[in-house]
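*Asks:* sequence first, then the predicted structure:
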Amino acid sequence: SYAALLPHLRSTDVEITIWGDPSDLPDLPDLLAALTHHQCTHLRLDHHYHHADTATTSNNLLQDIQSGSRLERFSGCLTGGGVTTLLQKCKQLSWLCLAVVSDNHARCLLPQLHHTVTSTLHQLNFLSVRMSAAAVTAAALTSLPSTHKVTLELTDVSDDIVSHACDLVQELQPPGGYWWLRCENSPLTMVGIQDMIRHLHHHSVKVKNIEIYSEVTFTLPQEDQLVTLAKTTLNCDLTKKSIRFRIMT
């Protein structure tokens, strides 16, 4: 296996991206442990990020990351203690994607994330937080730390919870606003997207780009109307897409 080869290879930078469930990879801890003489610069546990579960976080995989690691990119699902461990070990982290799965998880994670990033991780350039709009309430949220680019990925936004979704966006808004707001698996109609734009404006949300992933079909004039509304109301760009591919940001 690659884990067996690593100790015999010349020291090098290693990037690890795992799309599937890490629990299906029993050799993964051995692979991470074998990186002692190498530098893991990217660790992307995208199953934990896209299919997060409070019972399955990425915390246990952090124990094999060495203090002083040159890890630059991480995606997964961490508790508050997990994010503290990650950011204490990886002072060069510049790209971070984390999932939030419930109110209790949000209360544990978000204050610790804000404190650690603002106090010790000034070089963090990109932060993305992902959550289901149907699984979290606004009362459990606190604002995200301000970085150069902050992305919020909301899933499961339908017309009937647009107001609630916008409450979440408002509560999470960092001081500098959002670089990107993405709504995935969100069957929003034209009316729903119009309502979202107006609610975001009412909440004084600052955002540069909005992406809506919906299987609802719009005509080109309807899409143009939404683009114009977003530009005139929020001064942002809006794109409506049908399929969400994995985006390597």
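*Replies:* Yep, it's here. As the structure is a prediction and not an experimental result, all values here were calculated from the model.
*Asks:* show me how this structure divides into domains.
*Replies:* The record's domain split for the chain, according to automatic domain parsing, is 1-124, 127-249.
*Asks:* quick one: those as JSON lines, columns for mean neighbour count too.
*Replies:* (Glycine included, C-beta is placed from N, CA and C.) Converted to JSON lines, the domains of the chain look like this (neighbours: other Cβ atoms under 10 Å):
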{"stretch": "domain 1-124", "mean neighbour count": "17"}
{"stretch": "domain 127-249", "mean neighbour count": "17"}
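*Asks:* give the next helix or strand downstream of the helix or strand containing residue 194.
*Replies:* Secondary structure from DSSP states H and E places residue 194 in helix 190-202. Downstream of helix 190-202, the first helix or strand assigned by DSSP H and E is strand 209-213.
*Asks:* that next one: how far from the chain's middle?
*Replies:* 14 Å (Cα atoms, centre = their mean, to the nearest Å).
*Asks:* I'd like to know which elements it is packed against.
*Replies:* Where contact means 3 or more Cβ pairs under 8 Å, 6 or more residues apart in numbering; DSSP states H and E, strand 209-213 is packed against strand 180-184, strand 237-241.
*Asks:* hmm, who's touching it?
*Replies:* With Cβ atoms under 8 Å, 6 or more residues apart in numbering as the test, strand 209-213 has contacts from 179-186, 188, 193, 197, 230, 234, 236-244.
*Asks:* just the helices from the chain, written as ranges.
*Replies:* 2-5, 28-33, 46-50, 80-89, 103-120, 162-172, 190-202, 220-234 (DSSP state H).
*Asks:* nearest to residue 81 among the helices and strands packed on strand 209-213 would be which one?
*Replies:* strand 180-184 (27.6 Å; Cβ to Cβ).
*Asks:* low-confidence ranges in this structure?
*Replies:* Per-residue confidence for the chain (pLDDT under 70) gives these ranges: 1-40, 52-56, 64-69, 243-249.
*Asks:* end to end, how far does stretch 183-198 reach?
*Replies:* Distance across stretch 183-198, first residue to last, is 16 Å (Cα to Cα, to the nearest Å).
*Asks:* go on, stretch 94-108?
*Replies:* One end of stretch 94-108 to the other measures 22 Å (Cα to Cα).
*Asks:* same question, stretch 175-184
*Replies:* End-to-end span of stretch 175-184 (Cα to Cα): 24 Å.
*Asks:* please shift the residue numbers so they start at 799 in all later answers.
*Replies:* In the new numbering, first residue 799, that becomes stretch 973-982.
*Asks:* what's the offset of it from the middle of its chain?
*Replies:* Distance, stretch centre to chain centre, for stretch 973-982: 10 Å (Cα atoms, centre = their mean).
*Asks:* which residues sit against that stretch?
*Replies:* By Cβ under 8 Å, 6+ apart, the surrounding residues in contact with stretch 973-982 are 941, 944-953, 955, 963, 967, 994, 1003-1012, 1042.
*Asks:* out of the helices of the chain, which is closest to residue 931?
*Replies:* Closest among the helices of the chain, once you apply Cβ to Cβ, is helix 960-970, at 4.3 Å.
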